[in-house]
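take this sequence and fold it.
(chains A, B, C, D, E and F)
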There are 6 protein chains.
Amino acid sequence: MATKLFETVQQLLDSFHTVGGINHIDGHNLPSRDAVVEITRDLLRLLFPGFYDKESIHSAQLVKYATELTSSIARRLEQEIHKSLEYRPSAGGHDQDYAAAAAYETAAFLQQLPAVRAILQTDVLSAYEGDPAAISTEEIILAYPGIEAIAVQRMAHLLYQRHIALIPRIMTEWAHNKTGIDIHPGAQIGEHFFIDHGTGVVIGETSVIGCNVKIYQGVTLGAKSFPKDDKGRIVKGIKRHPNIEDDVTIYAGATILGDVTIGRGSIIGGNVWLIESVPPGTVVYQEGGQTKMKHAAKDRDKMVGHT
Amino acid sequence: MATKLFETVQQLLDSFHTVGGINHIDGHNLPSRDAVVEITRDLLRLLFPGFYDKESIHSAQLVKYATELTSSIARRLEQEIHKSLEYRPSAGGHDQDYAAAAAYETAAFLQQLPAVRAILQTDVLSAYEGDPAAISTEEIILAYPGIEAIAVQRMAHLLYQRHIALIPRIMTEWAHNKTGIDIHPGAQIGEHFFIDHGTGVVIGETSVIGCNVKIYQGVTLGAKSFPKDDKGRIVKGIKRHPNIEDDVTIYAGATILGDVTIGRGSIIGGNVWLIESVPPGTVVYQEGGQTKMKHAAKDRDKMVGHT
Amino acid sequence: MATKLFETVQQLLDSFHTVGGINHIDGHNLPSRDAVVEITRDLLRLLFPGFYDKESIHSAQLVKYATELTSSIARRLEQEIHKSLEYRPSAGGHDQDYAAAAAYETAAFLQQLPAVRAILQTDVLSAYEGDPAAISTEEIILAYPGIEAIAVQRMAHLLYQRHIALIPRIMTEWAHNKTGIDIHPGAQIGEHFFIDHGTGVVIGETSVIGCNVKIYQGVTLGAKSFPKDDKGRIVKGIKRHPNIEDDVTIYAGATILGDVTIGRGSIIGGNVWLIESVPPGTVVYQEGGQTKMKHAAKDRDKMVGHT
Amino acid sequence: MATKLFETVQQLLDSFHTVGGINHIDGHNLPSRDAVVEITRDLLRLLFPGFYDKESIHSAQLVKYATELTSSIARRLEQEIHKSLEYRPSAGGHDQDYAAAAAYETAAFLQQLPAVRAILQTDVLSAYEGDPAAISTEEIILAYPGIEAIAVQRMAHLLYQRHIALIPRIMTEWAHNKTGIDIHPGAQIGEHFFIDHGTGVVIGETSVIGCNVKIYQGVTLGAKSFPKDDKGRIVKGIKRHPNIEDDVTIYAGATILGDVTIGRGSIIGGNVWLIESVPPGTVVYQEGGQTKMKHAAKDRDKMVGHT
Amino acid sequence: MATKLFETVQQLLDSFHTVGGINHIDGHNLPSRDAVVEITRDLLRLLFPGFYDKESIHSAQLVKYATELTSSIARRLEQEIHKSLEYRPSAGGHDQDYAAAAAYETAAFLQQLPAVRAILQTDVLSAYEGDPAAISTEEIILAYPGIEAIAVQRMAHLLYQRHIALIPRIMTEWAHNKTGIDIHPGAQIGEHFFIDHGTGVVIGETSVIGCNVKIYQGVTLGAKSFPKDDKGRIVKGIKRHPNIEDDVTIYAGATILGDVTIGRGSIIGGNVWLIESVPPGTVVYQEGGQTKMKHAAKDRDKMVGHT
Amino acid sequence: MATKLFETVQQLLDSFHTVGGINHIDGHNLPSRDAVVEITRDLLRLLFPGFYDKESIHSAQLVKYATELTSSIARRLEQEIHKSLEYRPSAGGHDQDYAAAAAYETAAFLQQLPAVRAILQTDVLSAYEGDPAAISTEEIILAYPGIEAIAVQRMAHLLYQRHIALIPRIMTEWAHNKTGIDIHPGAQIGEHFFIDHGTGVVIGETSVIGCNVKIYQGVTLGAKSFPKDDKGRIVKGIKRHPNIEDDVTIYAGATILGDVTIGRGSIIGGNVWLIESVPPGTVVYQEGGQTKMKHAAKDRDKMVGHT
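All right, here's what the predicted structure looks like:
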């Protein structure tokens, strides 16, 4: 009776040897998804003290709270970054001091958190001012998925900029799982950014978004086509996603594809399909099943709808 | 070596003082998101006894099961409502007995649970009758995200009606995270309600939905524009979302915006964009990239498609 | 004071007796959702050894790792399948040996896992080759929701084929919760399958998908209408979803409904609405708010866009 | 390589078949040690509300606290008693309704808890008055192992009296593990009982202890010899341990063996070895390596010492 | 059926009102036993870095490790000390700033930890030199209960000296539970202290122990009698336990009672009963059931035995 | 305000550098106490299947149960033994293959478990026959600390014999913590061994115990003196504890010291102090404060008493 079970085990062991590429055995440690997720949760506690904690925080204990949390995050993040560096050796190629580099990268990252807090403050304000259903900033931090998604992406982007492998993507994918909002760590996003509802939003790797931009659920900022090299392999890393200038609003379900530019102050209506650039101040909207554009429109809000 | 870490901590402490609005320190306790989520999970166990529990329930233990669970929920929910009341003092303004009010609100809420169960029974039936893939009501309760989302919203709506702050929104946002279905606690929804698949559904705060309505994934019941006051600030709380009358079906990806009315028995086809009212019995559908309408159609199901 | 609480409990107990269909008391054990989810997590560890584990795996311990994990899964899965068989007695009707049947089904399922690994290897390769943002196969396994969704569905499909009730749907619904990708366990899917981003994807029960197919976020493969029997009840289980032939790509937000066939090598553009079959090599795309088709197009990639 | 592991497993499986008496496979469920320990912990919370809880209890929530805890304990204890009854069928021998009996025994046990609280109040008072190091009754409940041991034994004794198998012994053995104090559930113990320090105390099954008795660490109330039957087997269950009358004090390390009686108000000195009865008012003490006795002594405390 | 359960709850609620002294409801928060135990565990990690941790510690992370652990302990200990201060207001009587006092006491305690480490180093050395079974200092720290007991007592003693209520006793009682060694927080103990095996050791509140003292299992340093006041109440807090001078060894099971002095370098044999002072260099031992003494003995080790 | 905390951290960091021997930083990994404890718990589940498990085991799942548990233990134990080998390099001195050695030692250990089960069966039988309070063998396995202590020691002894460092001592010290019974892994113990109550039992490293021996609480089998070398250092590892021949009973509190031999069938009475050998069949007992001996006594049980 034990034989059948042991046979299955033997076949799986064979499969581990013959079916490669989806095992990770005897290799360098990979960053642990669970560890990265725990660190990300704790980073959110550091960005929004008192909101993600079970108990309230008194100012008398703030020094200890911040010290404990920061040193704990630093210790754990350094471990994961260390693994990430070993996994992807830098271009220099010769023998590196990964421990020192991991410590350096971790410290550099943490020093930027106060700046991240400053920009997140603008995002929260933007949500409060932009949603008639929002009745307090506390509600926004506690219950708006868009704030969580952008907070995680802003941190992941810092690591992406420093060429840390795997970790930033694990961070944003965790936020994607939770919120349905998929922002690549590579995207550059200005202050006062607001995503409402958010499910189905996709923002690609080379997107560039200005200040004071609003985006609703189901919006895609995607690529239009993928250039290939001589051997028919997709060329990785080139600019292929939209540029959204300041003060643009993009309503639910709109799709904007390619390295196009949506000019300052434009409004893209719900469900619009757009694969070309538009000048500043343009209103793009659906009417009678057709996509139409107007410039310098007065009552532009009324034309486009949202949620 | 310790110096660098301590500097970062100091800068974060400075940030907590200078970057306000996204800290919650020394304030009244906020309701704890984790606590509210735990309570919501246990409320689902009370609504669907035997489905959310790890072990099966025997009728001999039903008294103890219900007593234990109800008193546990009561105790914890009262704590969170207490915090919520302190956080948002009532209009009266003078010194209130929050403890007594929290106990009263908690008891009032729990007394409505049998009625919630009665209406959820109709929702489950509606799913069973409406989906050819559904092979049992057990499967629907165990594996249909729409049932979970509507069960949570129906409870959150009771708290919303009693002006309890933050808690109802935390409840529906948890359901949103899990199911991708975002129904605001304010929405009024009749019996026999069915959402299939559900990812991307958004139902706004002032929506009013009748009985026997079916909704598929990606449907938005949103606002069309936000009136502003003299100072350019969005006016909060006014009616701005659709009214869906009895027996309406809305297929995947349809978008309905504004305080419009979809008349009884209408069918809104997939991907349709609709910003005006339609009379009872209307079929709205896409054809050749155009939105078309028919009334009193016979084979209306064939025109619109779904999932 | 205790009286009020006890009254509420009494009313709930009454509700358990009078409002049926949404209780599960004194019945056969249902498969436990929590147990099935834990088993599914561990199955993913077995399919991708080293990726879902907190610690790295050394080849010296591989025998113990695989033996421990396989026997643990076998023991727990057998329990859940046993409950599932009791819950839904087989057609034969007479008294069955459920324990023997559960052991048999469990062993048969596990023996297919090496084959599942082989096909998942092709899915990972397909993602690596198809996404310019993907910089390693490790990143794909660690952070692409599409891989997780398809891995779970491929296993659930094996149980669906053996007529195991409830368990396969709980598995795919868990993946739906995590990834926003809703693939019914009944769908038949060929090798080299790639879903990018994925939020909002719905693939219905009787869909048949060939090899080397690519799907983007928000794509629906749904039913168009539900035939009813003489008594007006929906007929369950008939073929009603699309057939997607080899080498087809379907871009974001496209909707394909009904038992139609998308011919080999076709490309369906973003947001396209399609309720009829198209021959091999067809390009379907939106232009000026209209759906258009071309055949044997050269630069077809440029016409359709994606993400 | 897998072979060696599988051989060991096979030999263990063989051992499970050939070495009986220390397996429990396919038998009636035994009460679960872990479950009984959890129930005992919760019973202590019910006996000493506010002392074993992490958070403080407010009187406004007392109804919910007591209801939740009592119903939870009732549900779980009933399960364990049910198993215990099945494991040891009652003398009647014919087919019993174990479910009803378990419910009855559980309810009967819980109804005695208020009386247990009343007697524990006297034990705490006795500790406070008897130990110069005790500075508050709170300290006694929080930190005196003797109180925990006697509280658990008083409850276990109630179950022992009702002939519930295994559970009472698991309860007192848990207390033994924690405190080093081993009191058999069968021992009858009067009010105002105090054990100081306690490590090494052993109180046998048929001991009878009066009111206002004090015992120090290392005291044994044991049996002297075990009568055997015709076949040389030990006769189980007969009276074989000491009777300690009211107001007796027994100092550290004293050993009293057999069915003897220590008369009211006697004092047994440290390390004394005693296998015979002594009349009321006796002082027994060590002097020059000899055991001596005095009656009606004045300064008797000075002769015996303690801790 | 629910009635019986509700009656029991009602009787318990009545008992909470009528049986006082063993409830803690609506009072000041008591220090939480669980919290104090967690803090004590973490303090042991700080005293013996790398021994109580699951993972090994690298020097590169030492700053973060120490910072995180120290600030975490500081934050939590301050909370418990705060409760302790509220629970027992100081002699001053007027309204105190407990928050400031708790912060002060916590900081003062933590600053003494380096000194505690220095003295524990001598204790470990003493164990290594004194036990032929000890094969490394690592083994002593990992597996000798005496080291754990004395480490906890040395810390608890610091709090006892500062008149912090309840917490030090909870700490030593936790160590008592784990090790069977019961040392009161009040005992003053010199360096190079060694307890072997330890079960049953009791060291009373006003004991004073010199340097280089060795104690074996079952040794009691107790009080001989308790003076009472005019009203027959025990006088609390007076000196009543032994003084053990430097270089004394006390073998297993010996009992020393009262405010006596064991002179420098003496040896107290196993099971000896001693209630009077002995001069320096005395050997006390059992022979033929009698307690004997010798002075300035040569082969004194041979006379007394140990373990 | 942060300064004070950071100063304390700095002083602790200094202490880690200056106070050596009680840190373990940057060294070889030590076996983890927590891991060894978890492994020991699981080994007990393997020795007594069905008794330490929360759920009952059915024979249909026995293969999976044993395979899962054995492979899990093997994997984890091998890790800890690996660390232990690195920590203490073998006498050979040259570069060893620790991974291979750890795998070999682990496999060798596990192959002896069936034999350990066979001898534990005799221990359980001995308890059942020797204690009038024992009413079933189930009770003995569930609630007698002596069985747990001897089961752990028998396993630890196997590792001790193979010169595995630290792990066996951590195992027996865990049992000591739980049961108050301190048996060194080095002790050699025959079959049919029974310890009743057990608190305070100490059995030294070089003790040799025959078959069918019974021991009660507080018994010490210790060393009498420790020979020292030329430099005054204790000589480690020489024979210094008693030999207890077959069929000997030792009652509560007895102390036997040195490399003496207690002849077959002897009875050592309670509290007896013995530092010399006695011939077979001797009864040693206390009478009038004196230790007396008789040979070939008839009613010997009556002379000695126990518990």
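
please count neighbours and contacts with C-alpha atoms only from this point.
Fine.

run a quick neighbour tally on A:K231.
6 (other CA atoms under 10 Å in any protein chain shown).

check what pLDDT it gets.
According to the prediction, A:K231 has pLDDT 82.

list the contacts of A:R162.
The contact partners of A:R162, taken as CA atoms under 8 Å, 6 or more residues apart in numbering or on different chains, are A:E105.

so it versus chain C, what's the distance?
Look at A:R162 and chain C: by CA to the nearest CA, to the nearest Å, they are 15 Å apart.

and that residue, how far is that from chain B?
Distance of A:R162 to chain B, computed by CA to the nearest CA: 19 Å.

any buried residues in stretch A:63-73, and which?
A:63-73 (16 or more other CA atoms under 10 Å in any protein chain shown).

over to stretch A:224-235?
For stretch A:224-235, the neighbour count (16+ other CA under 10 Å) marks A:224-226, A:234 as buried.

just these that are near chain F?
Among those, no residue sits close to chain F (CA under 8 Å from any CA of the partner chain).

nearest residue to A:R76 in space, please, no chain neighbours.
Take A:R76 and drop its neighbours on the chain: the residue closest to it by CA to CA, 6 or more residues apart in numbering or on different chains is A:I39, 7.2 Å away.

what helix or strand is that neighbour on?
Here A:I39, judged by DSSP states H and E, is contained in helix A:33-47.

residue ranges in the stretch 1-150 of chain A under the pLDDT threshold?
Applying pLDDT under 70 to the stretch 1-150 of chain A flags the ranges A:1, A:89-96.

and chain B, is stretch A:185-195 touching that?
No. Shown here: stretch A:185-195 not in contact with chain B (CA under 8 Å from any CA), separated by at least 13.5 Å.

which residues touch A:D229?
Neighbour list for A:D229: A:V235 [criterion: CA under 8 Å, 6+ apart].

distance of it from A:K236?
A:D229 is 10 Å from A:K236, where distance means CA to CA, to the nearest Å.

picking up where we left off before, helices or strands up against the helix holding A:I39?
helix A:62-87, helix A:113-130, helix A:145-161, helix A:167-179 (3 or more CA pairs under 8 Å, 6 or more residues apart in numbering or on different chains; DSSP states H and E).

deepest in the core, which of those is it.
With neighbours taken as mean count of other CA atoms under 10 Å in any protein chain shown, the helices and strands packed on helix A:33-47 reach their highest mean count in helix A:167-179, at a mean of 26.

mind checking how far it is from the chain centre?
Its chain's C-alpha centre and that of helix A:167-179 lie 7 Å apart, by CA atoms, centre = their mean, to the nearest Å.

return the residues of the stretch 151-300 of chain A in contact with chain B.
A:177-180, A:197, A:199-200, A:217-218, A:271, A:288-290.

retrieve the pLDDT associated with the residue lying closest to A:V152 once chain neighbours are set aside.
Counting by CA to CA, 6+ apart, A:V152 lies nearest to A:T172, which is 6.3 Å off, once chain neighbours are set aside. Note on A:T172: pLDDT of 97.

if I read this right, A:T172 contacts A:Q153, doesn't it?
Yes. Applying CA atoms under 8 Å, one finds A:T172 in contact with A:Q153, separated by 5.8 Å.

got any residues that touch both of those two?
With CA under 8 Å, 6+ apart, A:T172 and A:Q153 have common neighbours A:183-185.

sort out for me which of those are in strands.
Among those, the members falling in strands are A:I183 (criterion: DSSP state E).

okay, now the domains of chain A?
Domain segmentation of chain A under automatic domain parsing yields A:29-182, A:187-307.

how about those domains in a markdown table, adding distance to C:H28?
Below are those laid out as a markdown table (distance: least, CA to CA, whole Å):
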| stretch | distance to C:H28 |
| --- | --- |
| domain A:29-182 | 34 |
| domain A:187-307 | 38 |
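
state the distance from the residue nearest to A:G50 when sequence neighbours are not counted to A:E191.
Nearest non-adjacent residue to A:G50, counting by CA to CA, 6+ apart: B:H24, 4.6 Å away. Remark: distance between B:H24 and A:E191 (CA to CA) = 22 Å.

neighbour count for those two, which is higher?
Using other CA under 10 Å as the criterion, B:H24 and A:E191 rank with B:H24 on top: 22 against 19.

that one contacts A:K54, doesn't it?
No. Checked against CA under 8 Å, the pair B:H24 and A:K54 is beyond contact range at 12.0 Å.

what about A:Q286, distance to B:G200?
Here A:Q286 is placed at a distance of 20 Å from B:G200 (CA to CA).

neighbour-wise, which of the two wins?
Neighbour totals were compared for A:Q286 and B:G200, and B:G200 leads with 32 against 19 (other CA under 10 Å).

for the closest residue to the more buried one other than its chain neighbours, give me its contacts.
Among residues not flanking B:G200 along the chain, B:G218 sits closest, at 4.3 Å (CA to CA, 6+ apart). When contacts are counted by CA under 8 Å, 6+ apart, B:G218 touches B:198-202, B:252-254, C:200.

the stretch 151-300 of chain A: helices as residue ranges?
The residue ranges that make up the helices of the stretch 151-300 of chain A, judged by DSSP state H, counting those that start in this stretch, are A:167-179, A:300-304.

between these, which one is closest to C:L120.
For C:L120, the closest of these is helix A:167-179, at 20.0 Å, according to CA to CA.

same for the closest one, what does it pack against?
Counting contacts by 3+ CA pairs under 8 Å, 6+ apart, helix A:167-179 packs against helix A:33-47, helix A:62-87, helix A:145-161, strand A:182-183, helix B:167-179, helix C:137-143, helix C:167-179.

what's the second one packed up against?
Counting by 3+ CA pairs under 8 Å, 6+ apart, the packing neighbours recorded for helix A:62-87 are helix A:33-47, helix A:98-111, helix A:167-179, helix B:2-18, helix E:62-87, helix F:2-18.

and the longest one with helix F:2-18, angle?
Right, helix E:62-87. If you take axes from the mean of the first three to the mean of the last three CA atoms, to 10 degrees, helix E:62-87 sits at 120 degrees to helix F:2-18.

for the stretch 151-300 of chain A, which residue gets nearest to chain D?
Nearest residue of the stretch 151-300 of chain A to chain D, counting by CA to the nearest CA: A:K178, 30.9 Å away.

which non-adjacent residue is nearest that residue?
Nearest one to A:K178, counting by CA to CA, 6+ apart, is B:N177 at 5.2 Å.

next one: A:S32
That would be C:K54: by CA to CA, 6+ apart, it lies 5.7 Å from A:S32.

neighbours of the closest residue to A:L158 other than its chain neighbours, just the number please.
What sits nearest to A:L158 in space, not counting adjacent residues and going by CA to CA, 6+ apart, is A:F109, at 6.9 Å. Other residues near A:F109 come to 17 when the count uses other CA under 10 Å.

how distant is stretch A:37-51 from the center of its chain?
Mean-position distance between stretch A:37-51 and its chain equals 16 Å (CA atoms, centre = their mean).

kindly apply the preceding question to stretch A:60-67 instead.
29 Å.

how about stretch A:171-185?
6 Å.

could I get the CA-only coordinates of it as CSV?
Presented in CSV, the C-alpha positions along stretch A:171-185 are these (Å, rounded to 0.1, in the frame of the first residue of the first chain):
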residue,chain,number,x,y,z
MET,A,171,5.9,44.3,-3.6
THR,A,172,3.6,45.7,-6.3
GLU,A,173,2.2,42.3,-7.2
TRP,A,174,1.2,41.9,-3.5
ALA,A,175,-0.6,45.3,-3.8
HIS,A,176,-2.1,44.1,-7.1
ASN,A,177,-3.5,40.9,-5.3
LYS,A,178,-5.0,43.0,-2.6
THR,A,179,-6.4,45.9,-4.6
GLY,A,180,-6.8,44.8,-8.2
ILE,A,181,-4.5,47.7,-9.1
ASP,A,182,-1.5,46.7,-11.1
ILE,A,183,1.2,49.4,-11.3
HIS,A,184,4.6,48.3,-12.4
PRO,A,185,7.4,49.5,-10.2
